[in-house]
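**Student:** Sequence first, predicted coordinates after that:
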Amino acid sequence: MHQKNNVRYLYLVTVFFITLSGFGQMPIFKRYYIADIPGLGWLARFYVTHYMHYICAALLIGFSAYIITGYVMAGRKKSELTVTGYLRGALIAGLIATGILLVIRNFEGYMFSHNFIIFLDLSHLALVMLFLLTSLYCLIFKKKWSRDSNQ
């Protein structure tokens with residue numbers, strides 16, 4: 001149980017910082033003077049938030065792989081995903097897929113059309129907003145990712 005709580009807290013911290021750094025990629029912290037608050041100036045520095053976002057994305061992919069592997073190896077016998085668990089999982093999968101394509105876009109030699117890049121940007125942002133709203137709904141109404149198979 002202790003290890004499960006540690007993973008949960010690391011996941012929550014990762015989601016917080018990936019969201020914070022993702023919104024930092026849009027210049028909203030500087031535009032709305034949030035970065036002018038003492039101690040928050042780093043939120044307006046593009047490369048700080050950019051690398052933080054990449055590091056947190058790698059952690060999120062690692063957490064996803066860890067949780068999926070554990071669920072497939074042992075968890076399916078003990079628990080099953082709820083509807084909100086499937087929804088959040090699908091949203092995270094979409095975020096990872098669009099995020100990977102956005103990273104590939106930055107590599108030299110890969111040319112995506114302007115319309116596809118706009119589609120990826122808007123899809124990534126829409127998936128983030130849907131994930132955050134779904135997570136807020138699940139927090140308020142105490143919806144879990146999974147339930148025991150016996151129920």
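**Tutor:** Yes, it's here. Numbering: from 1, shown residues only.
**Student:** Which pLDDT does the model give V15?
**Tutor:** Note on V15: pLDDT of 96.
**Student:** Am I right that it sits in a helix?
**Tutor:** Yes. Under DSSP: H, G, I helix; E, B strand; the rest coil, V15 falls within a helix.
**Student:** Would you enumerate the residues in contact with it?
**Tutor:** By C-beta atoms under 8 Å, 6 or more residues apart in numbering, the contact list for V15 reads 60, 135. In this view, the C-beta of every residue, glycine as well, is placed from N, C-alpha and C.
**Student:** gap between it and S64?
**Tutor:** Look at V15 and S64: by C-beta to C-beta, to the nearest Å, they are 11 Å apart.
**Student:** try Y11
**Tutor:** Taken as C-beta to C-beta, the span from Y11 to S64 is 9 Å.
**Student:** Same check on Y9?
**Tutor:** Y9 is 16 Å from S64, by C-beta to C-beta.
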